[in-house]
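# Give me coordinates for this.
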Amino acid sequence: MSPTPDDDLEELSGQLRALDIDPARAAAISAAGRRDVTRGRSARRFLEPVLVGLLLGSFLAWACWKVFF
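Numbers count the residues shown, from 1 in each chain. Coordinates of the predicted model:
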């Protein structure tokens, strides 16, 4: 049977060294990651597409105005 990607990953993971991080630092990294993930969407992720849509809409309206009037 040919090796699968899971077999390759298992073989590679056996060759990796264990991370040498003290438990307090690991907990701080984990907490920071959880805060970033659970924080919710930023206003920029909503505002940027709205601004792009307004710009595109105004350009389309201007182009139609120039063509038809």
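# which residues of this protein fall in helices?
Using DSSP state H, the helices of the chain run over residues 5-15, 23-38, 43-68.
# just how off-centre is the first one within its chain?
Averaging C-alpha coordinates over helix 5-15 and over its chain gives two centres that are 26 Å apart (CA atoms, centre = their mean, to the nearest Å).
# rewinding a little: could the helices of the chain be laid out in TSV, adding mean pLDDT?
As requested, the helices of the chain are exported to TSV (pLDDT from 0 to 100):
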stretch	mean pLDDT
helix 5-15	79
helix 23-38	88
helix 43-68	95
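# Could you export these as JSON lines, including mean neighbour count?
Where C-beta positions appear, they are placed from N, C-alpha and C, glycine not excepted. Below are the helices of the chain laid out as JSON lines (neighbours: other CB atoms under 10 Å):
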{"stretch": "helix 5-15", "mean neighbour count": "9"}
{"stretch": "helix 23-38", "mean neighbour count": "9"}
{"stretch": "helix 43-68", "mean neighbour count": "9"}
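# Tell me the spacing between residue 59 and residue 66.
Residue 59 sits 11 Å away from residue 66, going by CB to CB, to the nearest Å.
# same check, this time on residue 13
Per CB to CB, residue 13 is found 62 Å from residue 66.
# give me phi/psi at residue 21?
The phi and psi torsions at residue 21 (degrees, to the nearest 10) take the values phi -120, psi 130.
# Leaving out sequence neighbours, find the closest residue to it.
residue 29 (7.6 Å; CB to CB, 6 or more residues apart in numbering).
# How much space separates the one you found from residue 7?
In terms of CB to CB, residue 29 sits 30 Å off from residue 7.
# Next: residue 33.
Counting by CB to CB, the separation of residue 33 from residue 7 is 29 Å.
# Likewise for residue 24?
Where residue 7 is concerned, residue 24 sits at a distance of 36 Å (CB to CB).
# Repeat that for residue 32.
From residue 32 to residue 7 the distance is 34 Å (CB to CB).
# cool, and residue 66?
For residue 66, the distance to residue 7 - CB to CB - is 62 Å.
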